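Visitor: Sequence first, predicted coordinates after that:
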Amino acid sequence: MMMDKLIESLRSRFAVLLQAMQPSDFQRTFTSPTHGVMTLDMALQRFDWHGRHHLAQITSLKERMGW
């Protein structure tokens, strides 16, 4: 599927970016409109959890619906 290739490409580029960063970069802060001031490290942890949460929701729905 074209969407699968797009998502994989974005994930790959994101991984390259993160691997190029220094450990201190992850302690930099920014202000989230919904969560306030947070470090990049915390934002990445939330991003990871959020993705796994949605995947679990989709998997559960597929099982319930027999897809």
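Guide: Okay, I see it. Numbering: from 1, shown residues only.
Visitor: going forward, measure contacts and count neighbours with C-alpha atoms only.
Guide: OK.
Visitor: what about Leu6, helix or strand, and which?
Guide: Element membership for Leu6, per DSSP states H and E: helix 2-20.
Visitor: Please settle this for me: is Met38 part of a helix?
Guide: No - counting by DSSP: H, G, I helix; E, B strand; the rest coil, Met38 is not part of a helix but strand.
Visitor: ok now do it, which residues does it touch?
Guide: If a contact means C-alpha atoms under 8 Å, 6 or more residues apart in numbering, then Met38 has Thr29, Phe30, Thr31, Ser32 as its contacts.
Visitor: partners of it in the sheet?
Guide: For Met38, the beta-bridge partners are Phe30 (DSSP bridges).
Visitor: contacting residues around the residue nearest to Thr31 when sequence neighbours are not counted?
Guide: Leaving aside its sequence neighbours, Thr31 sits nearest to Val37 (C-alpha to C-alpha, 6 or more residues apart in numbering; 4.2 Å). Contacts for Val37 (C-alpha under 8 Å, 6+ apart) come out as Thr29, Phe30, Thr31.
Visitor: quick one, phi psi at the most centrally placed residue in the chain?
Guide: The C-alpha lying nearest the average C-alpha coordinate of the chain belongs to Phe47 (C-alpha atoms, centre = their mean; 3.7 Å). Phi and psi for Phe47, reported as degrees, to the nearest 10, are phi -60, psi -40.
Visitor: Could you measure from it over to Ala20?
Guide: Using C-alpha to C-alpha, to the nearest Å, Phe47 is found at 19 Å from Ala20.
Visitor: One more: Thr31?
Guide: Noted for Thr31: a distance of 23 Å to Ala20, by C-alpha to C-alpha.
Visitor: now Trp67
Guide: 40 Å.
Visitor: likewise Lys5?
Guide: Applying C-alpha to C-alpha, the value for Lys5 to Ala20 is 23 Å.
Visitor: now swap in Met3 and tell me
Guide: Taking C-alpha to C-alpha, one finds Met3 at 26 Å from Ala20.
Visitor: Equivalent analysis for Thr29, please.
Guide: Distance, Thr29 to Ala20, using C-alpha to C-alpha: 18 Å.
Visitor: between the two, who's got more neighbours?
Guide: Relative neighbour count places Thr29 above the other of Thr29 and Ala20, with 15 against 9, counting by other C-alpha atoms under 10 Å.
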